[in-house]
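> Sequence and computational prediction follow.
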Amino acid sequence: MKIEITCDHPYLRFSRKETIRAIRRVLQRRERTIGQISVVYTNDARIRCINQKHLRHNFVTDVIAFELERSPSLETEIYINLDRARSQAREYGDTFEGETRRLLIHGLLHLLGYDDKSKHDLAAMREEENSVLEDLRTRKN
């Protein structure tokens, strides 16, 4: 698996080591592999542009995940809005790191087939997010 991590946010950052650790944990739990994953940490302005261009949505969001290619192996991109991670962390009473980690997991779960359009699907997705987060807290590797 190839993991590429970039950050174009002017001042907010999230740990490369923690990014890789979270990705590996989600994939291990779901017994899945990905050929290549690109994680881009960005800001409100860039994620709005991506949302407009690719999804035809004219608003800022917290995470966008794209499946680029499925065959022969899954190639993906996840864009995480660090501005939203910071504001949502305050709103939800979490740390910036905790909310950023949740957004990364959320994006990965979308790529692995989870959906959040119905209350039932959202509840299942949240349960898996919480389980992965707890797993990451208790496991150091």
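On my side now, so go ahead. Here the structure is a predicted model, which is why all the values come from computation and not from measurement.

> In the protein, where's the longest helix?
Scanning the chain for the helix with the most residues, using DSSP state H, yields helix 119-138.

> quick check: mean pLDDT across it?
Mean pLDDT, helix 119-138: 94.

> which secondary structure elements does the helix or strand of the chain with the lowest mean pLDDT contact?
For the chain, the helix or strand with the lowest mean confidence is strand 63-69, at a mean of 90 (criterion: mean pLDDT, DSSP states H and E). Secondary-structure packing of strand 63-69 (3 or more CB pairs under 8 Å, 6 or more residues apart in numbering; DSSP states H and E): helix 44-55, strand 75-81, helix 96-111. Where C-beta positions appear, they are placed from N, C-alpha and C, glycine not excepted.

> and the second one, what does it pack onto?
By that I understand strand 75-81. Judged by 3+ CB pairs under 8 Å, 6+ apart, strand 75-81 is in contact with strand 36-42, helix 44-55, strand 63-69, helix 96-111.

> That one pairs with which strands, parallel or anti?
Strand pairing for strand 75-81, using DSSP bridges, gives strand 36-42 (parallel), strand 63-69 (antiparallel).

> Determine how far that strand lies from the middle of the whole chain.
Relative to its chain's centre, strand 75-81 lies at 7 Å (CA atoms, centre = their mean, to the nearest Å).

> Now do the very next helix or strand once past it: everything it contacts.
Next helix or strand after strand 75-81 toward the C-terminus (DSSP states H and E): helix 82-92. Identification of contacts with helix 82-92 by CB atoms under 8 Å, 6 or more residues apart in numbering yields 7, 9, 12-14, 41-44, 47, 60-62, 94-96, 98-100, 103.
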